[in-house]
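Trainee: I would like the atomic coordinates for the input below:
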Amino acid sequence: MPYATITKPRGDDLPANMPEYTSASPEQWWANAAAELDWLPDGGLNIAHEAVDRHALGPDADRVAFRFLSKRGGTTELSYADLAAETNRFANVLATLGVERGDVVCTLAGRVPELYIAALGTFKNGSVYAPLFAAFGPEPVRTRLAIARARVLVTTRADYARKVEPQRAQLPDLEHVILIGDPEETAGIAGTLDYHSLMAEASDAFRIAPTRPEDVALVHFTSGTTGTPKGAVHVHEAVVAHHVTGQIVLDLHPGDVYWCTADPGWVTGTSYGMISPLTNAVTSIVDEADFDPDRWYDILQREEVSVWYTAPTAIRLLMKAGTALARERHFDALRFLASVGEPLNPEAVVWGVEAFGLPFHDNWWQTETGGIMVANYRSMDIRPGSMGRPLPGIRAAVVRRTEDAVEVVDTPGEEGELALVPGWPSMFRAYLGEPERYATAFAGGYYLSGDLVRRDADGYYWFVGRADDVIKTSGHLIGPFEVESVLLEHPAVAESAVVGMPDPMAGEVVKAFVVLKPGFAPTDALMRELLGHGRKRLGAVVAPKSIAFVESVPRTRSGKIMRRLVRARELGLPEGDVSTVERL
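Mentor: Below you'll find the model as predicted:
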């Protein structure tokens, strides 16, 4: 049974950043948003200038930009002035190493200050930043470094030793590896440079070179169902969308204490864990530790968090821990709750009211969109389970693909694919090195998201399912092909098919169906061996959580694995009922 609409959340003395839907065309709306930024003296646009330097040179210089909470209990604060100096140093490090405009700098680390400094310093140098998820295993790391043709990698000693050093010979473009951490442990390791030594020798003065809005700034990797991971290319103009969506979607105001729990290895952790809050001059909390309900509630209370942006998986885990834990604390500063990464189930929206007196506001966007496109705003009523309504600057539609074009679905409640008219600032400009693949994402004047939705009579959008086979687990997108390829490396495996299976906590979990080669028996010992092989090569997040031995894997005549059929059989659904499969 549908949940009742939640009227505009409890009032306070701070007015909502209410979006205006009628006063300007989308083009004019984005132009107005761009005019709110400072821009470089020569008229150029650089993410790091908008996020850091313009505040460091003004009245917000002493405001805390980041408050890093160590998993060991310590706290490190960087003001906007501190952040400007540190990112200048890293930009000078890159310049000294001969790293130029357009060269790719990757990071592979957790939520530590050095990662954020490296990212912003890379923007200042005019180089391209590409974050890698720290929980990836050696194979996903190597693949992404190779696709990006990364010239620099900033990582930890442990990650380098396990994931990069054994296969560095396969990465001819990787010239410099900079190790962060305790200098006594990182200094002197062959083929690497010590971060702290480099920074100590670098000047804290740096002039950002002229940067055009269309200059490449970021590469974010996302997985497809077949082939290699896709590198979505974004430009400096994306900062316009990051800034304004921080205002109207996340309701960021000067003086807010903001906590985005997303990992910096993913697009949310960069767009809304770094760029958006900085451009809006708020204080961001960054917690290095893993999820723990007591710790999270303590952070919300102790740090007086006012705006909290988290993931449905985390919300479900908090729900599982019980509302009593939340009610033991006082969250007097908390004003706005938002969720991202996967569809937010209605129960979680309502639970937010029970636990915090506030609902969670769902929103929708993708790696390719670069920023939030559809949202439940603080200024509007919430329909639990809905993605919300498009941004004022976004033209959205529900469409169906035809043989050579698309047709728009105008009837409320009918399902189709969510499509957006191109032109917003944070729209990806390419898939790295794959122009043909990029072209297939557009048809009939629309960007085709691959997500199935329906729109109600009041313009609220509702997520139905994915139009492809990408697995979304705990907010992470996983390409089945990548997992299948690693399983096929094992000498016992003849074929494999990987699908996402429904899970109450993670949304989906990765399950592999394996056909064994002759001479191998489907034993528990072999299953454990395959699971361990997957975790070693792919990392715990990407690797299969369970394995089933099967006699065969269904394929099309051209040899493609019919993953939807595999999933339907496992769930006991009619094999032809694809729409039912995709709803789960």
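Trainee: Give the helix, strand or coil label for residue 313.
Mentor: At residue 313 the chain is in helix, as set by DSSP: H, G, I helix; E, B strand; the rest coil.
Trainee: Once you drop chain neighbours, what's closest to it?
Mentor: residue 474 (4.1 Å; C-beta to C-beta, 6 or more residues apart in numbering). The way it works is simple: take the backbone N, C-alpha and C, and place the C-beta from them, glycine included.
Trainee: just checking, what packs against the helix or strand encompassing residue 141?
Mentor: Using DSSP states H and E, residue 141 falls within helix 138-148. Packed against helix 138-148 by the contact rule (3 or more C-beta pairs under 8 Å, 6 or more residues apart in numbering; DSSP states H and E) you find strand 104-108, strand 128-132, strand 216-222, strand 230-235, helix 480-488, helix 524-538.
Trainee: quick one: least confident helix or strand in the protein?
Mentor: Sorting the helices and strands of the chain by mean pLDDT, DSSP states H and E puts helix 578-583 at the bottom, at a mean of 30.
Trainee: just to revisit the earlier point, hang on, the residue nearest to residue 313 packs against residue 510?
Mentor: No: with contact defined as C-beta atoms under 8 Å, residue 474 and residue 510 do not form a contacting pair (10.7 Å).
Trainee: Model confidence for residue 512, exactly?
Mentor: Per-residue pLDDT puts residue 512 at 96.
Trainee: same question, residue 532
Mentor: pLDDT at residue 532 comes out at 96.
Trainee: What separation do you get for it and residue 543?
Mentor: 9 Å (C-beta to C-beta, to the nearest Å).
Trainee: For those two, work out which one has more neighbours and name it.
Mentor: Ranked by neighbour count (other C-beta atoms under 10 Å), residue 532 and residue 543 place residue 543 first, with 23 against 11.
Trainee: check contacts around the closest residue to the more buried one other than its chain neighbours.
Mentor: Nearest residue to residue 543 in three dimensions, chain neighbours excluded: residue 534, at 3.6 Å (C-beta to C-beta, 6+ apart). Residues near residue 534 by C-beta atoms under 8 Å, 6 or more residues apart in numbering: 483, 486, 487, 512, 542, 543, 544.
Trainee: Now do the contacts for residue 52.
Mentor: 65, 80, 83, 84, 87, 120, 278.
Trainee: Name the nearest of these relative to residue 229.
Mentor: Taking C-beta to C-beta as the measure, residue 229 sits nearest to residue 120 out of the contacts of residue 52, at 24.4 Å.
Trainee: Test my guess that the closest one contacts residue 51.
Mentor: Yes: using C-beta under 8 Å, residue 120 is in contact with residue 51, at 6.5 Å.
Trainee: From residue 494, how far off is the residue of the chain positioned farthest from its centre?
Mentor: Distance to the chain centre peaks in the chain at residue 519, reaching 42.8 Å (criterion: C-alpha atoms, centre = their mean). Per C-beta to C-beta, residue 519 is found 11 Å from residue 494.
Trainee: Could you do residue 197 as well?
Mentor: Here the distance between residue 197 and residue 494 works out to 50 Å (C-beta to C-beta).
Trainee: what does residue 472 give?
Mentor: Distance of residue 472 to residue 494, computed by C-beta to C-beta: 28 Å.
Trainee: who's more crowded, these two?
Mentor: Comparing residue 472 with residue 494 by other C-beta under 10 Å, the one with more neighbours is residue 472, at 18 against 14.
Trainee: Just the element for that one, please.
Mentor: Element membership for residue 472, per DSSP H and E: strand 471-473.
Trainee: Show residues contacting that strand.
Mentor: Contact partners of strand 471-473, identified using C-beta under 8 Å, 6+ apart, comprise 341-342, 466, 477-480, 498-500, 503, 506-510, 541.
Trainee: Just to be sure, which of the residues you listed are found in strands?
Mentor: When strands are assigned by DSSP state E, the members of the contacts of strand 471-473 inside them are 466, 477, 478, 498, 499, 500, 503, 507, 508, 509, 510.
Trainee: picking that back up, which among the contacts of strand 471-473 end up buried?
Mentor: Neighbour-count burial (16 or more other C-beta atoms under 10 Å) is assigned, among these, to 341-342, 466, 477-480, 498-500, 503, 506-510, 541.
Trainee: who's in contact with residue 92?
Mentor: By C-beta under 8 Å, 6+ apart, the residues touching residue 92 are 202, 203, 206.
Trainee: quick one on the thing from earlier: any idea which of the contacts of residue 52 is closest to residue 235?
Mentor: The closest of the contacts of residue 52 to residue 235 turns out to be residue 120 (C-beta to C-beta; 16.2 Å).
Trainee: Do me a favour and get the backbone dihedrals for the closest one.
Mentor: Dihedral pair for residue 120: phi -70, psi -30, per degrees, to the nearest 10.
Trainee: Excluding chain neighbours, what is closest to it?
Mentor: Here the residue nearest residue 120, using C-beta to C-beta, 6+ apart, is residue 87, at 4.2 Å.
Trainee: Go ahead and confirm residue 280 touches residue 245.
Mentor: No: in this structure, residue 280 is not within contact of residue 245 by C-beta under 8 Å, at 10.0 Å.
Trainee: Poorly predicted segments of the stretch 401-550 of the chain, please.
Mentor: Of all residues in the stretch 401-550 of the chain, none has pLDDT under 70.
Trainee: I'd like the ones in strands among the contacts of strand 471-473 laid out as TSV, including distance to residue 41.
Mentor: Shown next, in TSV, are those (distance: C-beta to C-beta, whole Å):
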residue	distance to residue 41
466	45
477	39
478	44
498	51
499	53
500	49
503	52
507	46
508	48
509	51
510	50
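Trainee: Which stretches in the stretch 351-500 of the chain count as helices?
Mentor: Using DSSP state H, counting those that start in this stretch, the helices found in the stretch 351-500 of the chain span residues 435-439, 480-488.
Trainee: Relative to residue 428, which of those helices is closest?
Mentor: Nearest of the helices of the stretch 351-500 of the chain (C-beta to C-beta): helix 435-439, 8.0 Å.
Trainee: buried set for that closest one?
Mentor: By neighbour count, with 16+ other C-beta under 10 Å as the criterion, the buried positions of helix 435-439 are residue 438.
Trainee: which other residues reach the one helix or strand residue 29 maps to?
Mentor: When elements are assigned from DSSP H and E, residue 29 belongs to helix 26-35. Helix 26-35 has contacts (C-beta under 8 Å, 6+ apart) with 20, 24, 45, 237, 240-241, 243-244, 392-395, 421, 423-425.
Trainee: If we use 10 Å, what do you get?
Mentor: The set of residues external to helix 26-35 that reach it, using C-beta atoms under 10 Å, 6 or more residues apart in numbering, is 19-21, 23-25, 45, 213, 237, 239-241, 243-245, 247-248, 390-395, 421, 423-425.
Trainee: Show me this structure divided up by domain.
Mentor: Following automatic domain parsing, the chain resolves into domains at 26-452, 471-583.
Trainee: Deepest-packed of those, please.
Mentor: Mean neighbours per residue, mean count of other C-beta atoms under 10 Å, is largest over the domains of the chain for domain 26-452, with a mean of 20.
Trainee: Residue 275 belongs to a helix, doesn't it?
Mentor: Yes: checked against three-state DSSP, residue 275 lies within a helix.
Trainee: Report the strands that pair with the strand holding residue 472, each with its relative direction.
Mentor: Using DSSP bridges, the strands paired with strand 471-473 are strand 476-478 (antiparallel).
Trainee: what ranges do the strands span in the stretch 151-300 of the chain?
Mentor: According to DSSP state E, counting those that start in this stretch, the stretch 151-300 of the chain carries its strands in the segments 152-156, 176-180, 193-194, 216-222, 230-235, 257-260, 283-287.
Trainee: Residue 73: which of those strands is closest?
Mentor: Relative to residue 73, the nearest member of the strands of the stretch 151-300 of the chain by C-beta to C-beta is strand 283-287, separated by 11.5 Å.
Trainee: CA atoms only for the closest one, dumped as PDB, please.
Mentor: The C-alpha trace of strand 283-287 is given here as PDB (Å, rounded to 0.1, in the frame of the first residue of the first chain):
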ATOM      1  CA  THR A 283      32.300  22.700   6.900                       C
ATOM      2  CA  SER A 284      32.500  19.100   5.800                       C
ATOM      3  CA  ILE A 285      32.900  16.100   8.200                       C
ATOM      4  CA  VAL A 286      35.000  13.300   6.700                       C
ATOM      5  CA  ASP A 287      35.000  10.000   8.800                       C
END
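Trainee: Great, nothing more from me.
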